[in-house]
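K.L.:
below is the structure, and that's it, no one-letter string:
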């Protein structure tokens, strides 16, 4: 379940909370379509090193060489995470294999995101596929460092976990290029993935 903006807060205010302040020097249209975007080499993506759903150690540094999607989901969620997961699956299915990034899902449910629950959610949300993906797990302390670094608020509740729902695109060199708040717009994300895939190494 994603945290909703309080009262009449604008999307711009929510974006500043999730992605940090972003100032653009020029009124020209941004190169990417997310609520926040950064020039190449401007904003290094926060590093992480966790084990994924299969137990393999995964670090952001080891994924360099191709674009990476970083997002935050709960395999137990029955509200917005399934919608976000299905949107992401749609994006990947409609992106050519050459343009597909590595997908990294960071758990927001340390105790509930077991390997079995993750596989079930991936299948139910039609997010499993031929693309490279890793659902990262860890202790609450380990995961909380990643949540904080990416501006994701997580609040356990009685029956659900309220959490920020954002998606970041990281380029092949490990720099954040754009970030989206849920709901993600598949066409825009696909266009941005194409742009990242075509950037010169």
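P.N.:
Looks like it came in fine. Here the structure is a predicted model, which means the values were calculated and not measured. Numbers count the residues shown, from 1 in each chain.
K.L.:
let me see the contact set for the most centrally placed residue in the chain.
P.N.:
Among the residues of the chain, the one closest to the centroid is residue 71, at 1.9 Å (CA atoms, centre = their mean). Contacts for residue 71 (CB atoms under 8 Å, 6 or more residues apart in numbering) come out as 84, 88, 103, 104, 105, 106, 165, 166, 167, 168. Glycine gets a C-beta too; all of them are placed from N, C-alpha and C.
K.L.:
what's opposite it in the beta bridge?
P.N.:
Beta-bridge partners recorded for residue 71 (DSSP bridges): residue 105, residue 167.
K.L.:
distance of the residue lying closest to residue 182 once chain neighbours are set aside from residue 198?
P.N.:
The spatial neighbour of residue 182 that comes closest, neighbours along the chain excluded (CB to CB, 6 or more residues apart in numbering), is residue 165 at 3.9 Å. Look at residue 165 and residue 198: by CB to CB, to the nearest Å, they are 28 Å apart.
K.L.:
more neighbours: which of the two?
P.N.:
Using other CB atoms under 10 Å as the criterion, residue 165 and residue 198 rank with residue 165 on top: 25 against 9.
K.L.:
wait, residue 170 touches residue 179, no?
P.N.:
No - using CB atoms under 8 Å, residue 170 is not in contact with residue 179; the gap is 9.8 Å.
K.L.:
the residue nearest to residue 182 against residue 80, yeah?
P.N.:
Yes - using CB under 8 Å, residue 165 is in contact with residue 80, at 5.9 Å.
K.L.:
quick one on the thing from earlier: contact partners for the residue nearest to residue 182?
P.N.:
Here residue 165 is in contact with 2, 3, 71, 72, 73, 80, 81, 84, 181, 182 (CB under 8 Å, 6+ apart).
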